[in-house]
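Peer 1: Okay, structure incoming, though there's no sequence with it:
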């Protein structure tokens, strides 16, 4: 058995680590820049292919990976601090509710490619799995690697004559949230359970390791110039829900003023 970090008593108030919040805040700044460029292209101010150009697709992968890694870190910290299931479900309902709002909003903006399993939908599903596997220790690295590899293994298997009969099932909307698809569905944001669950598992594994052996790294004092990132990271969900409304609203207003 792996030795796990001792948990704080449940009566202890939860403690936030500025280092983790700042890392999440950095991901938010990167995401905002990325989405602003996407919006510029959407309104015709920038010529860019966000669906095929590696410059943009690789950035999206990196941003989502950073967010989900931070989510795994956060779960490791929450479990270590004795967060009970009632508090977990309260937070989970916020994420799931925001995911529903994203779907409804994207139906209005992109009716032919609305978001039905994007980053918040995937996060809601994966949070439950990650929470249920808390305490697996070093095994999280292994199962995380397997989860990341699974889509590539499945793609190879489904491309054979024997697997071709099953590909239609995994490509259908009812199952494509798993991520074992042979072609990406038509949607503006797609974050299936596989391979992204592996990134969250690695985040939890890293969090458990840090709490067990390098807790001083988490508790390190941030330079003053990074304090705004930590503040931003504490409010990541409200910011995520509002930032595109602000960006698109500003560009719409600019287009109206400029007569475009």
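Peer 2: Now that the structure is in, tell me what you want to look at. These figures come from a predicted structure and were not determined experimentally. Residues are numbered from 1 along each chain as shown.

Peer 1: Distance across stretch 213-233, terminal residue to terminal residue?
Peer 2: The straight-line separation of the ends of stretch 213-233 (C-alpha to C-alpha, to the nearest Å) is 24 Å.

Peer 1: Go through that stretch and flag the buried ones.
Peer 2: Of the residues in stretch 213-233, those with enough neighbours to count as buried (16 or more other C-beta atoms under 10 Å) are 218, 226, 229, 230, 232, 233. Every C-beta, even on glycine, is put in place using the N, C-alpha and C of the backbone.

Peer 1: and the last one, what does it touch?
Peer 2: Residues counted as contacts of residue 233 (C-beta atoms under 8 Å, 6 or more residues apart in numbering) are 20, 21, 22, 23, 24, 25, 26, 28, 70.

Peer 1: now residue 182
Peer 2: Applying C-beta under 8 Å, 6+ apart, one finds that residue 182 lies in contact with 155, 158, 159, 167, 170, 171.

Peer 1: OK, contacts around the last one?
Peer 2: Residues counted as contacts of residue 171 (C-beta under 8 Å, 6+ apart) are 181, 182, 183, 185.

Peer 1: Quick one: list the elements packing against the helix or strand where residue 64 lies.
Peer 2: Here residue 64 is covered by helix 54-80, with elements defined by DSSP states H and E. Taking 3 or more C-beta pairs under 8 Å, 6 or more residues apart in numbering; DSSP states H and E as contact, the helices and strands that helix 54-80 lies on are helix 18-42, helix 119-132, helix 193-213.

Peer 1: among the ones you listed, which is the most enclosed?
Peer 2: Here the criterion is mean neighbour count by mean count of other C-beta atoms under 10 Å, and of these the winner is helix 193-213, at a mean of 23.

Peer 1: and the next element down the chain from it?
Peer 2: helix 215-218.

Peer 1: who touches that following helix?
Peer 2: Contacts of helix 215-218 from elsewhere in the structure, counted by C-beta under 8 Å, 6+ apart, are 5, 17, 19, 20, 77, 210, 211.
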